[in-house]
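Q: fold the following and give me the result.
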Amino acid sequence: MSIVDRIARLFVILLAWAGLVFLALPLVIIVATSFTETEFLKFPPVGFTWRWYGRFLEDQSYLSAIWTSVSIAGLATAIAVVIGVLVALVIARSELKGRQLLNTIFIAPLILPTIVIGAALLQYANALGFARSFFALVVGHTVIVVPYVLRTVLASLERFDQSLEEASFDLGGNAVSTFFLVTLPIIKPGLVAGALFAFIISWINVELSIFNATAQLMPIPVKLFNYVQYAVDPMLAAVSAATIYVAVLAVIVLDILVGIDRVAASQK
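A: Prediction:
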């Protein structure tokens, strides 16, 4: 390797690390600020206290909002996994002439602004009589997270050796047993990665949720959005930090169940 190549490689590495620091620094600041003893947001934090977390946990409206977000994200992710896997199998395996159109339809939410989908959902749900309900939120979140599952599962199916399924059929397996014993374990990394993306995207969504949220049914991102309009104190940082902890926990669970390296390899 020449000197020029080494310098170029070093530059790329430094640039990558600079990008990671740039992305992670705001999260570090939020977490650090949540422990400050001052009555206002301050970085670097002054002292160390759990007071703001205590105040946050004592507020039932925030706990209710977190449970609402977990429920919506969990249900939306579960439904998206079922839909995403079925559609991916149809696109990857069938000879259907409209496969590309089907793919385009399900990927469209990645292209359309989420706020537009939220406004459209509100009008549609209002016409059918279920606007501003838990069901409406689950439907909307499912629509915006299905593409993440679909894309990751499709990536896994593209490198799938179908002779393994053929061997299962030759040994007496049927379509159901072959899927659960052969296909599913192989596409598991892509499936888990898609589910993780789906859960996090649903968990942090504001644009779609704000159209269908109510005072009694309010996901935590909408709760924070409303709170920041009237007050900016360390409790806001504590609640925001709690949402970060949930996302980090999801990544840790992914690493334990599948392995980050394996998931990354499945998407190459």
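Q: now the strand or helix carrying residue 8: buried residues?
A: In the assignment (DSSP states H and E), residue 8 maps to helix 3-33. Of the residues in helix 3-33, 30, 31, 32, 33 count as buried by neighbour count, 16 or more other C-beta atoms under 10 Å. C-beta here means a position set from N, CA and C on the backbone, and glycine is covered the same way.
Q: for that helix, packing partners?
A: Helix 3-33 sits against helix 234-257, with contacts defined as 3 or more C-beta pairs under 8 Å, 6 or more residues apart in numbering; DSSP states H and E.
Q: list the contacts for residue 92?
A: 154, 157, 158, 160 (C-beta atoms under 8 Å, 6 or more residues apart in numbering).
Q: pLDDT score for it?
A: On the pLDDT scale, residue 92 is placed at 80.
Q: just want the angle from the helix or strand harbouring it to helix 234-257.
A: If you go by DSSP H and E, residue 92 is part of helix 60-93. Orientation check (axes from the mean of the first three to the mean of the last three C-alpha atoms, to 10 degrees): helix 60-93 against helix 234-257 gives 40 degrees.
Q: just how off-centre is helix 60-93 within its chain?
A: Distance of helix 60-93 from the chain centroid (C-alpha atoms, centre = their mean, to the nearest Å) equals 9 Å.
Q: please apply the same query to stretch 144-160.
A: Worked out by C-alpha atoms, centre = their mean, stretch 144-160 lies 14 Å from the chain centre.
Q: go on, stretch 29-48?
A: 28 Å.
Q: if we can go back for a sec, kindly export whichever helix or strand comes after the helix holding residue 8 (C-alpha atoms) in CSV.
A: Using DSSP H and E, the helix or strand that directly follows helix 3-33 along the chain is helix 51-58. C-alpha atoms of helix 51-58 as CSV (Å, rounded to 0.1, in the frame of the first residue of the first chain):
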residue,chain,number,x,y,z
ARG,A,51,-34.3,14.6,40.9
TRP,A,52,-35.5,15.2,37.4
TYR,A,53,-36.0,11.4,36.7
GLY,A,54,-37.9,11.2,40.0
ARG,A,55,-40.2,14.0,39.0
PHE,A,56,-40.7,12.5,35.6
LEU,A,57,-41.5,9.0,37.1
GLU,A,58,-44.0,10.6,39.5
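Q: what is helix 51-58 packed up against?
A: So helix 51-58, by 3+ C-beta pairs under 8 Å, 6+ apart, packs with helix 234-257.
Q: now the helix it packs on: average pLDDT?
A: Average pLDDT, helix 234-257: 80.
Q: about what we covered before: dump the buried residues of helix 3-33 to a markdown table, plus pLDDT.
A: Rendered in a markdown table, the data for the buried residues of helix 3-33 read as follows (pLDDT from 0 to 100):
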| residue | pLDDT |
| --- | --- |
| 30 | 86 |
| 31 | 87 |
| 32 | 86 |
| 33 | 87 |
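Q: dump these to CSV, plus distance to residue 207.
A: Shown next, in CSV, are these (distance: C-beta to C-beta, whole Å):
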residue, distance to residue 207
30, 20
31, 24
32, 28
33, 25
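Q: coming back round to it: quick one, the helix holding residue 92 and helix 51-58 angle?
A: Using the same axes, to 10 degrees: helix 60-93 against helix 51-58 is 80 degrees.
Q: residue 230: what secondary structure?
A: At residue 230, secondary structure determined by DSSP: H, G, I helix; E, B strand; the rest coil is coil.
Q: how near is it to residue 60?
A: 18 Å (C-beta to C-beta, to the nearest Å).
Q: residue 186 now?
A: Taking C-beta to C-beta, one finds residue 186 at 45 Å from residue 60.
Q: what about these two, which has more around it?
A: Counted by other C-beta atoms under 10 Å, residue 186 and residue 60 do not tie: residue 186 has more neighbours, with 17 against 8.
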